[in-house]
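**Q** Sequence and predicted structure below; questions after.
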Amino acid sequence: MHMADALLSPAVGTTLWAGSAAVAGYASKKLKRDIDDRMIPLMGVLGAFIFAAQMINFTIPGTGSSGHLGGGMILAIILGPHAAFLVMASILTVQSLFFADGGLLALGCNIWNLGFYPCYFIYPFIYKPWVGDSKSPGRILLASVVCVVLALQLGAFSVVLQTLLSGKSELPFGTFVLLMQPIHLAIGCVEGVVTAAIINYVRSVRPEILESMAASRPLGAALSLKKIMVTLVALVVLTGGVLSWFASTHPDGLEWAIEKVTGQSELSEPEQGIVPTLKGIQEWTAFLPDYSFKPGDVEPQKEAASPTWPGIEAGTSVSGIIGAAIVLGMIILIAMGIRCIRRRDT
Amino acid sequence: MTFDEKYFDLGRMDRLSYQETWVHRLDPRTKVIATMLFLITVISFPKYEVVALAPFFLFPVLVMTIGEIPVRFIMKKVLVVSPFVIFIGIFNPLLDTGTAIIISGIPISAGWFSFLSILLKFFLTISAALLLIATTSFPGVCHALRRLGVPSLIISQLFFLYRYLFVLMEEAMRIIRARDMRAFDRRGTDIKVFARLVGTLFLRTVDRAERIYYAMLARGFQGDIPTLKKSHMTATDFAFLATTIALICVFRFFPFTEEIGRTVQGLFI
């Protein structure tokens, strides 16, 4: 689920970095003004808690496989959107640095996908109005499952969009969506149940804790829909601008993605394996009917598209391979040389 | 990876950063900036580029040798996270079947090139991130970010998270051991028990945070975490940064690898 550096283009990576950084700046500004210092260690320690809790696994009923806690939604429920977003961002930073989950450029994407949606979208607009001050465990359970599922679906869909816009992967839009969304539907259901179970347990054992946290939270936590919409629109315009500039200098970026989305040829797909099966499901469910996946429409496009593949002449590529071998050899020699000199010194 | 392994790995990464080599002594800011430039440059190559990525291996290889970072440890960590990228990338050769070149009669499709390109970029970017931590230490990176203008609240977040990661992971490890010793045949590992365990861990965490807060107040905490180790950019740092930028530019905009290959080809053929 973590987006990876290698699948990103610089335009997409930096745009999402800018988006996540802007939200983080906004959140820290809000928090700095409204909360007491007490929250600062609490937030940090809760981040470590999510980390530790992620490592405890449990058996998923009926399947025998094991799952673990994701974190975004439970943090939003406990800490409110601003603090939860910052905690999520710091968890993902540590993960990308120590466990290399994703990567440093993809960190912007990951914070956006796993932090922004649950904290600033799902929590204020769905969970909070739905549950409110209610203490009924059933309601909390239902709301948590729905919210976690929605947040994960949004996140997974963003991974698909980010990958496609970057243009490094060859996966067609429909197949990719069909690979990502169902997996995350299952994960979301399990995570939602777990989230609700933990919240309900804490509420039943020590109800005052969640209440005192809700009280020390900034009052302005209820966000205005207008502000969110304005931010989103601004971001879309910014993204569009950056990407179209990128597309005009590098034709294989956005145009490629659009070509894939609107007219991925069925001709190039293998006739065995998972792709035809998924294609069947795709046609049957008619997901996104505006996008034509029927072979008839796309044949001419494919014909036109194929010669645009960067023409590498055989001569150039052979010298390229020789060059690469020499360069790598030199690098290894340099490294061995340094080792030798050092060993002689000691 | 099992829980214990993950925990010890974290500790090992941390200890690697305590070493005193030339790379470790560079100012953290220098390393953060150099790493980001390196990442953006590697990612900026078009999707079919394979050959021009070769010179970029110089960076991780040099850091590993001069910084005395065990190669195998980094390799293992890179391998552990590779499945997602391989899973997404392997579709390229299957879907992009246009023939790119023919080597001794065997046609090689364009998809293989883009797949190989993804794999190389993956290795370069992931190892760069791991090496940054292994040579700079997490607190070092945090201070660098602070001085590069990241809000102090976010930085104190990172500090607290990092500091209590080890404490809470040990606590979680004890909980898991206790559960595993009592849970035969997977009994007692279901969601209900899990929720109680994690709920208890949560309550303990909250209490701990409160104690930490009072302890910090008693020591004069005012919402910011100062550092004792004052670092400043020296001439070495600027030289390092300038060399890195120059090399990155040469490798990015000049077909370095192909030129060498052509020259050698010209010499022998």
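**A** Cool, the structure landed. All of these numbers come straight from a predicted model, not from anything done at the bench. Numbering: from 1, shown residues only, chains lettered A, B, ... in the order given.

**Q** What sits closest to residue 95 if chain neighbours are left out?
**A** Let's take chain A. In this structure, A:Q95 finds its nearest non-sequential neighbour in A:D101, 4.4 Å apart by Cβ to Cβ, 6 or more residues apart in numbering or on different chains. The way it works is simple: take the backbone N, C-alpha and C, and place the C-beta from them, glycine included.

**Q** To clarify, I was referring to chain B.
**A** A:E170 (4.3 Å).

**Q** Touching, the one you found and B:T97? I think so.
**A** No: A:E170 sits out of contact with B:T97 when judged by Cβ atoms under 8 Å, with a separation of 9.7 Å.

**Q** Overlap in contacts, the two.
**A** Residues touching both A:E170 and B:T97 (Cβ atoms under 8 Å, 6 or more residues apart in numbering or on different chains) are B:G111.

**Q** Please give the element, helix or strand, for A:C147.
**A** With elements taken from DSSP states H and E, the one containing A:C147 is helix A:137-166.

**Q** Let me know the pLDDT of the residue in chain A that chain B sits nearest to.
**A** Closest approach of chain A to chain B (Cβ to the nearest Cβ) occurs at A:G44, with a separation of 2.1 Å. pLDDT, the model's per-residue confidence, is 85 for A:G44.

**Q** Check which helices and strands the helix or strand where it lies is in contact with.
**A** Assigned by DSSP H and E, A:G44 falls within helix A:39-55. For helix A:39-55, the elements it packs on are helix A:72-79, helix A:81-98, helix B:3-16, helix B:152-182, helix B:191-218, judged by 3 or more Cβ pairs under 8 Å, 6 or more residues apart in numbering or on different chains; DSSP states H and E.

**Q** separation between the residue in the stretch 101-250 of chain B that chain A sits nearest to and B:L10?
**A** Scanning the stretch 101-250 of chain B for proximity to chain A using Cβ to the nearest Cβ identifies B:F160 as nearest, at 2.1 Å. With the distance defined as Cβ to Cβ, to the nearest Å, B:F160 ends up 16 Å from B:L10.

**Q** one step back: find the nearest non-adjacent residue to the residue of the stretch 101-250 of chain B closest to chain A, please.
**A** Spatial nearest neighbour of B:F160, excluding adjacent residues (Cβ to Cβ, 6+ apart): A:G44 at 2.1 Å.

**Q** For burial, what's the neighbour tally of the closest residue to B:F159 other than its chain neighbours?
**A** On the basis of Cβ to Cβ, 6+ apart, the spatially nearest residue to B:F159 that is not a chain neighbour turns out to be B:I225, at 5.3 Å. For B:I225, the number of neighbouring residues by other Cβ atoms under 10 Å in any protein chain shown comes to 19.

**Q** dump the residue contacts of B:I225.
**A** B:152, B:155-156, B:159 are the contacts of B:I225 under Cβ under 8 Å, 6+ apart.

**Q** got it, and B:S117?
**A** B:S117 touches A:168, B:45, B:47-50, B:53, counting by Cβ under 8 Å, 6+ apart.

**Q** repeat that for 6 Å
**A** Taking Cβ atoms under 6 Å, 6 or more residues apart in numbering or on different chains as the definition of contact, the neighbours of B:S117 are B:49-50.

**Q** On the three-state scheme, it is what?
**A** Classification of B:S117 by DSSP: H, G, I helix; E, B strand; the rest coil places it in helix.

**Q** Quick check: it vs B:I108, distance?
**A** Taking Cβ to Cβ as the criterion, B:S117 is separated from B:I108 by 13 Å.

**Q** With B:T243 instead?
**A** Taking Cβ to Cβ, one finds B:T243 at 36 Å from B:I108.

**Q** more neighbours, those two?
**A** A direct count of neighbours by other Cβ under 10 Å for B:T243 and B:I108 places B:I108 higher, at 14 against 11.

**Q** Please name the bridge partners of that one.
**A** Under the criterion DSSP bridges, B:I108 forms beta bridges with B:I101.

**Q** How about A:I111, nearest residue that isn't a chain neighbour?
**A** Nearest non-adjacent residue to A:I111, counting by Cβ to Cβ, 6+ apart: A:S20, 4.1 Å away.

**Q** does that neighbour belong to a helix or a strand, and which?
**A** Here A:S20, judged by DSSP H and E, is contained in helix A:10-34.

**Q** Give the buried residues for that helix.
**A** Of all the residues in helix A:10-34, those buried under the rule 16 or more other Cβ atoms under 10 Å in any protein chain shown are A:10-17, A:19-21, A:23-24, A:27-28, A:30-31, A:34.

**Q** next one: stretch A:322-337
**A** If you call a residue buried by 16+ other Cβ under 10 Å, then stretch A:322-337 has these buried ones: A:322-328, A:331, A:335.

**Q** So, low pLDDT: which residues of the chain?
**A** The chain I'm using is chain A. Within chain A, the stretches with pLDDT under 70 are A:1, A:35-36, A:57, A:59-70, A:214-318, A:346.

**Q** nope, chain B please
**A** Regions of chain B meeting the criterion pLDDT under 70 cover residues B:1-3, B:100-105, B:186, B:188, B:223-224, B:227-230, B:269.

**Q** Domain-wise, how is it divided?
**A** Domain assignment of chain B by automatic domain parsing yields the ranges B:1-150+B:234-269, B:151-229.

**Q** Out of these, which one sits most buried?
**A** Among the domains of chain B, ranked by average contacts under mean count of other Cβ atoms under 10 Å in any protein chain shown, first place goes to domain B:1-150+B:234-269 (a mean of 18).

**Q** thinking again about what came up before, measure how buried the residue nearest to B:F160 is and give me the count.
**A** Applying other Cβ under 10 Å, we find 25 residues neighbouring A:G44.

**Q** That one: what's it in contact with?
**A** Taking Cβ under 6 Å, 6+ apart, we find A:G44 in contact with B:157, B:160-161.

**Q** pretty sure B:R262 contacts A:S319?
**A** Yes: taking Cβ atoms under 6 Å as the definition, B:R262 is a contact partner of A:S319 at 4.3 Å.

**Q** quick one: B:T257 from B:I126, how far?
**A** Using Cβ to Cβ, one gets 22 Å for the distance from B:T257 to B:I126.

**Q** Same check on B:R12?
**A** Applying Cβ to Cβ, the value for B:R12 to B:I126 is 17 Å.

**Q** what do you get for B:F160?
**A** Separation of B:F160 from B:I126 (Cβ to Cβ) stands at 26 Å.

**Q** do B:D207 as well
**A** Where B:I126 is concerned, B:D207 sits at a distance of 37 Å (Cβ to Cβ).
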